[in-house]
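Undergrad: After the sequence you'll find the predicted model.
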Amino acid sequence: MIEFDTIYALLQNNLTESGFEVYPFLISWYNSIVDPLFRLSTYDDDTVAFLVVSTPSMFEKTFLPYALDSSKDLSRDPIDCCVKEKIQSVIENIPDCDIDVMFDYELWPTRRPKIVMQTVSHVAGAARFYSRQQLANDPFPKDRNMMGICLHPKYGGWFALRSVLVFKTLKYPLLPRISPIDVLNGDESLVVDVLKRFNDCWEDNSYRNVIPATETYSSLQQSYFQTKPKDRLVWLENLRQTYKEKH
Ligand code: B12
């Protein structure tokens, strides 16, 4: 059986150049903090999984070539389909491994997510999760549902948590655990501020800029995400047309 180091290197080699990042974690780290309803209870505690994060350049490096390929059907969420195709092509090249793949958008019929990606991000050391539960003085109304938010040390809020790959037979109880960087330096007023921005005005993207980012979404990418999902097919068809005229 191939070892942890080989698998980690394979994933990084195949995904980093496409604008993704990969973070290993143990199932027990996740299972020990989520509500029993969300536990991944079919795996042993020491099972290794990897979180796949998309960085700003994924759009140009992976999504645009996919969207401009006229053989691709863009009628179902093209970003999700593109990420799925990329990840499947990467794991096909990993021999002799039994892998379960989960995506951020996968929900059970009850609407409960199959996996809580923000908790994964925190335990894997990728982007720290900030939530009202950690506040000593919580200023928000008790009955209000405030979503928590992850902030990445390099990209602030300009990234997405895409997928988790569980290597069912790979066990590594001594996997070193990296704690997620606290980019807000323990300042509670900054946590309150980003929670307000994420919950009250996420459309203005200001929650993404609460810390300086080394790279943000390009204006083309922002224009795509600002387009309503139902209008994105037309947006992409226009892009294909412009591209054809130029080449
Ligand atoms: C459902 C969902 C929504 C729903 C929200 C419903 C709601 N208000 O709850 C809707 C459709 C409205 C939505 C909208 C958006 N979403 Co959304 N959404 C999700 C989704 C699919 C599941 C979230 C969820 O239900 N989690 C379950 C709840 C129970 O989790 P929780 O509250 O965090 O509780 C857990 C923790 O507290 C943990 N826990 C307990 N103790 C401890 C201790 C520690 C230390 C830790 C770390 C954890 C922990 O245990 C609990 C679970 O038992 C995730 C993707 C995913 N699969 O996770 C994206 C996700 C959260 N969304 C995301 C985003 C960006 C958005 C939008 C901005 C739109 C967009 N896609 O661009 C908007 C913002 C809306 C807003 N602010 O109001 C991102 C957030 C990225 C980030 N930086 O954090 C995610 C992760 C998707 C992604 N691919 O990256 N979303």
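TA: Structure's in. What do you need?

Undergrad: Only C-alpha atoms from now on, for both contacts and neighbour counts.
TA: OK.

Undergrad: ok, now which ones touch residue 25?
TA: Shown in contact with residue 25 (CA atoms under 8 Å, 6 or more residues apart in numbering): 48, 49, 50, 51, 123, 124, 175, 177.

Undergrad: what's the answer for residue 79, then?
TA: Shown in contact with residue 79 (CA under 8 Å, 6+ apart): residue 63.

Undergrad: how about the residues of this protein near the ligand?
TA: Contact residues, the chain versus the ligand (CA under 6 Å from any ligand atom): 33-35, 38, 104-105, 113, 115-119, 122, 129, 147-151, 157, 160-162, 198-199, 202.

Undergrad: With respect to the ligand, which of the contacts of residue 25 is nearest?
TA: residue 123 (6.4 Å; CA to the nearest ligand atom).

Undergrad: Surely that closest one is in contact with residue 27?
TA: No. Contact criterion CA atoms under 8 Å: residue 123 and residue 27 do not qualify, at 9.7 Å.

Undergrad: if we can go back for a sec, any of the residues of the chain next to the ligand buried? List them.
TA: 104, 115, 117-119, 122, 129, 148-151, 157, 160-162, 198 (16 or more other CA atoms under 10 Å).

Undergrad: From the residues of the chain next to the ligand, which land in strands?
TA: Using DSSP state E, the members of the residues of the chain next to the ligand that fall within strands are 129, 149, 150, 151, 160, 161, 162.

Undergrad: can you redo those as CSV with pLDDT?
TA: As requested, those are exported to CSV (pLDDT from 0 to 100):
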residue, pLDDT
129, 98
149, 98
150, 99
151, 98
160, 98
161, 98
162, 98
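
Undergrad: possible to save these as CSV with distance to residue 74?
TA: Converted to CSV, those look like this (distance: CA to CA, whole Å):
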residue, distance to residue 74
129, 32
149, 29
150, 29
151, 30
160, 20
161, 21
162, 19
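
Undergrad: closest to residue 209 among those residues?
TA: Of all those, residue 209 sits closest to residue 151, with 9.7 Å by CA to CA.
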